[in-house]
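Participant: sharing a sequence plus its predicted fold:
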Amino acid sequence: MEYNAGMRIDALQAFMAVAELESFQDAGQRLHLSQPAISKRIAALEAELEHRLFDRVGRKVGLTEAGRAYLPHARETLAALADGERALDNLADRVAGTLELAVSHHVGMHRMPEVLRAFIARYPNVAPQIEFADSEHACQRVLNGESELALITLPVAAHPTLIARTIWPDPLAIYAGRTHALARRATVTFAELAAHAAVLPPPDSYTHRIIESALAAHGVTVTARMTSHSLETLRMLADVGLGWTVLPTAMPHPLTPLALPPLAMRRELGVMRHPQRHLSNAARALLAMLDAEARSSGSNLSNQDRNHVKADG
């Protein structure tokens, strides 16, 4: 088959869409193509690669072994193409175009509205595309080249690939519903806390690791009767009496803080980016606004983070 770069790019986009959505029809809707057009592109790619990439059983679509092996290479190819386009766009000084962001629900609801409002007003030719995702998944989107920036709860340990920048310090505290037995106590010990059920973020989340480490220092083993990535959900579960929980002190809610001994527990909210990919002018402009937000919120950026702020211009 004669190689055609344009055909290959179109086929890779179709391949990635089907792989992510597990549906030819949904992939067509995402790419504004008919289902037969998606099928034709996948068939052409399979013929060129001489491997079947998808198993089709009824309405279910799944990657074959060859498809799974090819997936990271296809993803990296499309990310490199997007990176090259951004590098060329940056030759002009215009701040315009699409800005792909991955945002955690908490940061999106409680930290970003004013920043986004000011950003949209200042740069009306930018079209932010926001994917709401758990912090861990948002990092993966930046790694995959699907989002330029992730605005999330930052990992506890340094990420092996991505650059983190703290924007908002986020102190945490332990709360319970007003009718909870511990809420009526003038003082509460950590042993008493451990004897009651908790509702917390999932064990694989960055926030859970922060909670687990802080409480372990006081001999408390974290075991949750229910988990959720949504802090709003945890607030509700605690409010109805299903257990105590941990929430940011800046988050409005009707819960009662428990009278525990002092507990140093906080997470860092901020932005993650890939150091080896060009940022669009729009992403650079948003980073500059976030840097100003960090200064106003009293965030103590590390020297390394500050160097990256300077390098980003």
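Facilitator: Done, it's in. Numbers count the residues shown, from 1 in each chain.

Participant: pull up the distance across stretch 237-252, start to finish.
Facilitator: Stretch 237-252 has its terminal residues 15 Å apart, counting by Cα to Cα, to the nearest Å.

Participant: same thing with stretch 22-35?
Facilitator: Using Cα to Cα, one end of stretch 22-35 lies 13 Å from the other.

Participant: ok, now stretch 245-252?
Facilitator: Using Cα to Cα, one end of stretch 245-252 lies 14 Å from the other.

Participant: any idea which helix or strand in this structure has the lowest mean pLDDT?
Facilitator: Lowest mean confidence among the helices and strands of the chain (mean pLDDT, DSSP states H and E): helix 303-312, at a mean of 35.

Participant: can you tell me the element D55 falls in?
Facilitator: According to DSSP states H and E, D55 maps onto strand 54-57.

Participant: can you give me the buried ones in that strand?
Facilitator: Under the neighbour-count criterion of 16 or more other Cβ atoms under 10 Å, strand 54-57 has F54 buried. In short, each C-beta sits where N, CA and C put it, glycine included.

Participant: average pLDDT for it?
Facilitator: The predicted model assigns strand 54-57 a mean pLDDT of 83.

Participant: which secondary structure elements does the next helix or strand after that strand contact?
Facilitator: Sequence-wise, the next helix or strand downstream of strand 54-57 (DSSP H and E) is strand 60-63. Applying 3 or more Cβ pairs under 8 Å, 6 or more residues apart in numbering; DSSP states H and E, we find strand 60-63 packed against strand 54-57.

Participant: and the contacts of the strand it packs on?
Facilitator: With Cβ atoms under 8 Å, 6 or more residues apart in numbering as the contact definition, strand 54-57 has outside contacts at 18-19, 42, 61-64, 67.

Participant: tell me the most packed of those residues, by neighbour count.
Facilitator: With neighbours taken as other Cβ atoms under 10 Å, the top of the contacts of strand 54-57 is V18, carrying 27 neighbours.

Participant: now the helix or strand that contains that one: buried residues?
Facilitator: V18 belongs to helix 5-21 when assigned by DSSP H and E. Using 16+ other Cβ under 10 Å as the test for burial, helix 5-21 gives 8, 10-19.

Participant: got it, and stretch 178-185?
Facilitator: Buried-residue list, stretch 178-185, by 16+ other Cβ under 10 Å: 180, 182-183.

Participant: and the average pLDDT for that stretch is what?
Facilitator: Stretch 178-185 comes out with an average pLDDT of 94.

Participant: below-threshold pLDDT in the stretch 101-250 of the chain: ranges please.
Facilitator: Within the stretch 101-250 of the chain, not a single segment meets pLDDT under 70.

Participant: the strands in it, which residues?
Facilitator: Assigned by DSSP state E, counting those that start in this stretch, the strands in the stretch 101-250 of the chain fall at 126-132, 149-153, 163-176, 198-200, 224-227, 245-248.

Participant: give me the sheet partners of the second one and which way each runs.
Facilitator: It stands for strand 149-153. Strand 149-153 has the following strand partners under DSSP bridges: strand 97-103 (parallel), strand 266-273 (antiparallel).

Participant: geometric centre of this protein: which residue is closest?
Facilitator: Centroid check for the chain by Cα atoms, centre = their mean gives A138 as the closest residue, at 2.3 Å.

Participant: check contacts around that residue.
Facilitator: A138 is in contact with 102-104, 131, 147, 150-152, 272, counting by Cβ under 8 Å, 6+ apart.

Participant: which one of those residues sits closest to G28?
Facilitator: E131 (19.8 Å; Cβ to Cβ).

Participant: show me the beta-bridge partners of that closest one.
Facilitator: Under DSSP bridges, the beta-bridge partners of E131 are A102.

Participant: any idea how far it lies from L143?
Facilitator: 14 Å (Cβ to Cβ, to the nearest Å).

Participant: who's more crowded, those two?
Facilitator: L143 (20 against 14).
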